[in-house]
Structure formats: structure tokens, C-alpha cells
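> sharing a sequence plus its predicted fold:
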Amino acid sequence: MRNIPWLMLGLLGLTLGQHFPDGQPQNLRQCEIGFPIDMNSSLRIDTMQSDFTFDGYDLPASGKFPSKNVFSFDNPDDVSLTGGVFDSTVYNIRQIGLFWGEGSSDGSYFSIDGKKYAAEFVIFLSEPNSISVELDFILEVSPVDNPNIQSLIDGFVDGNSKDIIMNTLIPKESYNGNYYYYTNSCFDVTFIVFEDTLSISEYQLNTLRPLTSHFFPTIKPIGNTVLYYRNGPLTTTTETSTTTTTSTGTITTEVSVATTPQSTPTIIDLLLFSTAVVVITNVIEILATFLVPGFRGFDEFGNSLIDFEPRRGVSFNSESFRF
């Protein structure tokens, strides 16, 4: 029932969008500025989420290296995750990418409170309804090698197919710390950026750097993106009992402490919300186009743009995706 208003807004947006013969309104800011962004702790909305659960995470899974920084699983059903922000939906791991820079502070797509890092793991997941998720683990330079990732580095170098065990590469406990997450509705992708960093040595980075280089887009303004933060696990109902012995007998007192879990947005909720924000803003632009001479949308900071000559729309080209 709760999805009906979102559906109506979507249909309204599609109908009104036909008034723009040159393409979508300029105001698809969510596409233009939604990736990458800074994980700004002062702008986050705290939530509670259950821990992730895993299937096949401890078992060898075969795959190939289609490029010098990507591992693709032969069978995407081999390893899956659920729980956490995924709620009960099962997501399968399809690919693992490792990205690095030329220095120790220019190799991550995302930044955390303005700080960028040496490298970044990107784990690409999908589920049957084709809603995609990226898990991003940021790597910080360490004076010693990280033995957990060495097998993957060797695969990038020699390109030979191999089996990997995800729990060796990124231990399960790494998933159950705190993390930022948001959805970019134009890409239909939810990004999950873990706060705790993994490690990589300069020696390992110097092994990778000759293989290929990566372009990292500049950090974009957050705009109307809603940034959530998993700040601890869901609380549960607990029951305690105390026994008191008196001269007249034994009295047992049971105390039930009920804690109601905070309502937390799931992947579907995030996608619907961010889509609605884009659609509502587009509707405003459409109305303003007819009512305000010369109006041509908003810039990335929400300021209106007005020309002397009215312009009804501009074409939009999104950035190509990393994989």
C-alpha cells in the first residue's frame, strides 16, 4: 500500500517528461552529483541495522580476471549476503574490483570526512529484481603486507583463473561495523561505504601500479542525496527474572524490557525515496519552465538558472559506470 504514492509520482513524472523534446530536464542533479560523494558525518542520518549474514562465504568460489583489477565469479550464486540494510533480500556477489592511485591519498572513489585513501575494494552485487548494490571497502596504507589480499593481487598480475575464499579476502567481521549508505536513483545503485578501513602496503601498491591506472572523478556536492549511517545493531526484547527468598516463601519476579527497533530504510525504500525526490524536482522545473520566462532548471547547489531566452530542456549524459 505504501508504494502507491511513489508509483503515482513516477507515472506523473513520465507523463510530464514528454514535454521535453530534447531529453530529460537539466535538474537530474542526482545523476550529475550523486557519485562519488564525501561520507560527511555531519550530514548523516543515523539508523540501526541487523548484522549481515552470509552463504558460501567460507567456501572456495571459482572465477576469472577479465581485467587487471577485476575478479568475476563463474557462478554468481556461489556467494550471497542478506540482512543488514538488505533486510530479507538475498544479494549475490558478482564481481570484485580493486582500485588504486599513484599516491597514498588519491586511490579511493569515496572520501570520509574529506579524507581520501590509497585504494578501494568495490564488491558488486545484484539480486533477482536487478537492483544493484556496491559494497566499498577503503584501504589504508600499512607498513606491512596484508596477507588476506595477496592471492587476489597475484591473480591480477598473472591473470590465471583461480578459486578465492571471500572470508579470507575480507573477513566477515569487516561487514558488521558501521557504514554509510545511500541510493543514486539514476544508476539504480545503492552504495555502501564501510567506515573501518582495511590495509594494504606500499609494496603491494607498487606491484599493482604498473598494471593499470584509474581515473577518479572529483568528489561531488551531496546535493539532495540522503546519506544514512548504520550506527550499531538493532536492539531486541530481553527478559530477566529475579528470585527472592523470604520467610514466607520464594518470590520470582520477571521483568520484560522491550526495546522497539528503530524503523530503518531498506534498499527498496532508499530507491523509491530518491526516485521521488528527482521526480518532484523535475515537476517543479516543468511548471517553472512554463511560468517563468527563461527558466532552465537549477544548478548543482539548488540555485535557479534563468536565461533571457526560454529553454525547455537539455540532454543528459551520465558517467559511464566503473565495471
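Nice, thanks for sending it over. What you see is a predicted model, and the numbers here were worked out from it, not measured in a lab.
> now do the buried residues in stretch 34-47.
34-39, 44, 47 (16 or more other CB atoms under 10 Å). All C-beta atoms are positioned from the backbone trio N, CA, C, and that covers glycine.
> how much space separates the residue nearest to Ser142 when sequence neighbours are not counted from Leu205?
Distances taken as CB to CB, 6 or more residues apart in numbering place Ser199 nearest to Ser142, at 3.7 Å, with adjacent residues excluded. For Ser199, the distance to Leu205 equals 11 Å [CB to CB, to the nearest Å].
> which residues do the two both contact?
Common contacts of Ser199 and Leu205, defined by CB atoms under 8 Å, 6 or more residues apart in numbering, comprise Val141.
> name the SS class of Ile153, please.
helix (DSSP: H, G, I helix; E, B strand; the rest coil).
> and it, what does it touch?
If you count contacts by CB under 8 Å, 6+ apart, Ile153 has them with 98, 204, 207-208.
> would you double-check that the residue nearest to Ser142 falls in a strand?
Yes - assigned with three-state DSSP, Ser199 falls within a strand.
> give me the number of residues near it?
Other residues within reach of Ser199, judged by other CB atoms under 10 Å, total 17.
> wait, isn't it in contact with Pro147?
No - between Ser199 and Pro147 there is no contact under CB atoms under 8 Å: 10.1 Å.
> list the residues that contact both of the two?
Counting by CB under 8 Å, 6+ apart, Ser199 and Pro147 have no shared contacts at all.
> the stretch 1-150 of the chain: strands as residue ranges?
With strands called from DSSP state E, counting those that start in this stretch, the stretch 1-150 of the chain shows them at 38-39, 45-47, 52-55, 61-67, 70-73, 80-83, 91-100, 111-112, 119-126, 132-142.
> neighbouring strands for the second one, and are they parallel or not?
According to DSSP bridges, strand 45-47 forms sheet pairs with strand 228-230 (parallel).
> equivalent analysis for the first one, please.
Each strand that strand 38-39 pairs with, and the sense of that pairing, follows from DSSP bridges: strand 111-112 (parallel).
> just to revisit the earlier point, could you export the strands of the stretch 1-150 of the chain as JSON lines, including distance to Phe156?
Formatted as JSON lines, the strands of the stretch 1-150 of the chain follow (distance: least, CB to CB, whole Å):
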{"stretch": "strand 38-39", "distance to Phe156": "27"}
{"stretch": "strand 45-47", "distance to Phe156": "35"}
{"stretch": "strand 52-55", "distance to Phe156": "24"}
{"stretch": "strand 61-67", "distance to Phe156": "6"}
{"stretch": "strand 70-73", "distance to Phe156": "8"}
{"stretch": "strand 80-83", "distance to Phe156": "24"}
{"stretch": "strand 91-100", "distance to Phe156": "7"}
{"stretch": "strand 111-112", "distance to Phe156": "24"}
{"stretch": "strand 119-126", "distance to Phe156": "12"}
{"stretch": "strand 132-142", "distance to Phe156": "14"}
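> would you mind giving these as CSV with mean pLDDT added?
Formatted as CSV, those follow (pLDDT from 0 to 100):
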stretch, mean pLDDT
strand 38-39, 96
strand 45-47, 95
strand 52-55, 95
strand 61-67, 96
strand 70-73, 96
strand 80-83, 94
strand 91-100, 95
strand 111-112, 96
strand 119-126, 95
strand 132-142, 95
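> quick one: closest of those strands to Ser213.
Distance to Ser213, taken as CB to CB, is lowest for strand 91-100 among the strands of the stretch 1-150 of the chain, at 8.7 Å.
> quick one: that closest one to strand 119-126, angle?
Interaxial angle, strand 91-100 versus strand 119-126 (axes from the mean of the first three to the mean of the last three CA atoms, to 10 degrees): 160 degrees.
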